[in-house]
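J.: Pasting a predicted model and its sequence here:
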Amino acid sequence: MSRMLWWFSPNTPEGACPRCHGMGLTIAKEIIDAHDGHISVFSEAGKGAKFMVEIPSF
């Protein structure tokens, strides 16, 4: 999971993800962190992934 949330880098190998821009999850994590929240991922090969976002209420 931690690699999914790395900042996008223009040095990413070409073709690593031809349809991806690499910033969506990183931006989401920055917003969640700014609100003292947490993001988790649950995935199963061939079945996709589910993301759970928890943000505390004040």
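T.: All right, it came through fine. Numbering: from 1, shown residues only.
J.: for the strand or helix carrying Ile31, packing partners?
T.: Ile31 is part of helix 24-34, with elements assigned from DSSP states H and E. Packing partners of helix 24-34 (3 or more Cβ pairs under 8 Å, 6 or more residues apart in numbering; DSSP states H and E): strand 38-44. In this view, the C-beta of every residue, glycine as well, is placed from N, C-alpha and C.
J.: Now stretch 34-44: average pLDDT?
T.: Averaged over stretch 34-44, pLDDT sits at 91.
J.: where does the protein have low pLDDT?
T.: Scanning the chain for pLDDT under 70 picks out 1-22.
J.: if you set the cut-off to 80 instead, what comes out?
T.: Confidence mapping of the chain against pLDDT under 80 gives the ranges 1-24, 58.
J.: Distance-wise, check His38 relative to Ala49.
T.: Going from His38 to Ala49 by Cβ to Cβ, to the nearest Å gives 16 Å.
J.: Now His38: closest residue in space, sequence neighbours ignored.
T.: Closest residue to His38 apart from its sequence neighbours, by Cβ to Cβ, 6 or more residues apart in numbering: Glu54 at 4.7 Å.
J.: what number of residues lie near that neighbour?
T.: 11 (other Cβ atoms under 10 Å).
J.: List the contacts of it.
T.: 37-40 (Cβ atoms under 8 Å, 6 or more residues apart in numbering).
J.: rerun at 10 Å
T.: Neighbour list for Glu54: 32, 35-40 [criterion: Cβ atoms under 10 Å, 6 or more residues apart in numbering].
J.: So among the residues you listed, which ones count as buried?
T.: Using 16 or more other Cβ atoms under 10 Å as the burial test, the contacts of Glu54 include 32, 39 as buried.
J.: Report how many residues lie close to Val53.
T.: Val53 - counted by other Cβ under 10 Å - has 13 other residues nearby.
J.: Kind regards, and thank you for your time.
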